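Asker: Attaching a predicted model along with its sequence, questions to come.
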Amino acid sequence: MRSLNQAVDDYLALRRSLGFKLREYGECLHEFVSFLKKNGSAHITNKLALEYVTRRQDEKSVSWSRRLIIIRGFARYRFGADPKTEIPPVGLLRFRSRRAQPHIYSHDEICRLLQAAMKIQSPHKLQPHTYHCLFGLLAVSGLRLGEAISLQPQDVDWSEGVLTVRGKFGKTRIVPLHPSTLAVLRDYAELRDKIFNGRILPTFLVTSHGTKLEKTNLSRIFRELSLQIGIRKPGVRNGPRLHDFRHRFAVETLLRWYRRGDSVRQRMPVLSTYLGHGNVSGTYWYLSSTPALLAAASKRIEIRWKGAVR
């Protein structure tokens, strides 16, 4: 069974060299190999793959489907070395992933969130400024959370007013910033450098100890603040997410284009590039039908077809 375990390691190394992070893949695949061994099989079979992913009956079907996708990718890779490998077909588990309903923040909600961030009680002077700066940057730039917290001090070009953003799969892009955003970042950088007295820091935004921000802690702080300002209901599991700032940015950009009379279809590749997407289809995932956007689109249609239909 060593050959299958080695195949898992080789598969993960190959995929990660291409830029995929695959955080949960290793644990899942090595556990699956152990499951095959316990069942006396040296080959991947559809029957055992299905038994493995569904063995925990208390889990939701989305978890089963996710593990089967992981196994299917590995099985395709393994088939080249072991023709007896069975590749679990698409549809073996009848589950359709549902898109989480994004929260499109209003201008007032963002202002209240930023105000609440600055009022955080902390013995460390920098902490409220860090959250204020991060949440504001997410709201106006459309960056992914991971991209924002991974920004390095040298990634901010003060003279040109742009960020160098390292996105998914090792891709880098340039994101221009409004002068007002640049001013907030500059104030933060000056306070940060004063507190740490010129110490070399790993990222632009840092914790009170001068280390990189962690997503788990940020999500906790965000939930507390969103409850405090009333955009999240007590006891409700689902609610506004930090990632929803990215949805808002995409929707607001389209709204501005419609109101200015720009050709949205021609400008969509610009938005895709700005958000760090490889193609326009990835950008459409972030677009939601808001009343303002529908009204702007309807007005454009009325103007376009005025007099053509009687």
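Answerer: Good, I have the coordinates. Numbering: from 1, shown residues only.
Asker: pretty sure residue 175 contacts residue 143?
Answerer: Yes: using CB atoms under 8 Å, residue 175 is in contact with residue 143, at 7.1 Å. Where C-beta positions appear, they are placed from N, C-alpha and C, glycine not excepted.
Asker: intersection of neighbour lists for those two?
Answerer: Counting by CB atoms under 8 Å, 6 or more residues apart in numbering, the contacts common to residue 175 and residue 143 are 163, 165.
Asker: out of those two, which sits in the busier spot?
Answerer: Per other CB atoms under 10 Å, whichever of residue 175 and residue 143 has more neighbours is residue 143, with 25 against 18.
Asker: and the gap between the more buried one and residue 155?
Answerer: Residue 143 sits 11 Å away from residue 155, going by CB to CB, to the nearest Å.
Asker: so what sits against both of the two?
Answerer: 163, 165.
Asker: and the nearest residue to residue 4 once chain neighbours are set aside, how many neighbours does it have?
Answerer: Spatial nearest neighbour of residue 4, excluding adjacent residues (CB to CB, 6 or more residues apart in numbering): residue 33 at 4.8 Å. The local packing of residue 33 (other CB under 10 Å) involves 21 other residues.
Asker: Same check on residue 9?
Answerer: Residue 9 has 12 nearby residues by other CB under 10 Å.
Asker: Kindly state the pLDDT recorded for it?
Answerer: For residue 9, the model assigns a pLDDT of 92.
Asker: and if you look at residue 52?
Answerer: So residue 52 comes in at 93 (pLDDT).
Asker: Check residue 123 too.
Answerer: pLDDT, read off for residue 123, is 90.
Asker: Got the phi and psi for it?
Answerer: phi -70, psi -10 (degrees, to the nearest 10).
Asker: Quick check: the gap between it and residue 208.
Answerer: 8 Å.
Asker: Same check on residue 8?
Answerer: Taking CB to CB, one finds residue 8 at 40 Å from residue 208.
Asker: So for those two, which sits in the more crowded spot?
Answerer: residue 8 (20 against 13).
Asker: can you pull the contacts of that one?
Answerer: With the criterion set at CB under 8 Å, 6+ apart, residue 8 makes contact with 26, 29, 30, 33, 74.
Asker: Now restrict the residues you listed to buried residues only.
Answerer: 29, 33, 74 (16 or more other CB atoms under 10 Å).
Asker: Let me see the contact set for the first one.
Answerer: Residues in contact with residue 29, defined by CB under 8 Å, 6+ apart, are 8, 11, 12, 70, 71, 74.
Asker: can you put those in a markdown table and add secondary structure and distance to residue 106?
Answerer: Shown next, in a markdown table, are those (DSSP: H, G, I helix; E, B strand; the rest coil; distance: CB to CB, whole Å):
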| residue | secondary structure | distance to residue 106 |
| --- | --- | --- |
| 8 | helix | 47 |
| 11 | helix | 46 |
| 12 | helix | 43 |
| 70 | helix | 39 |
| 71 | helix | 43 |
| 74 | helix | 44 |
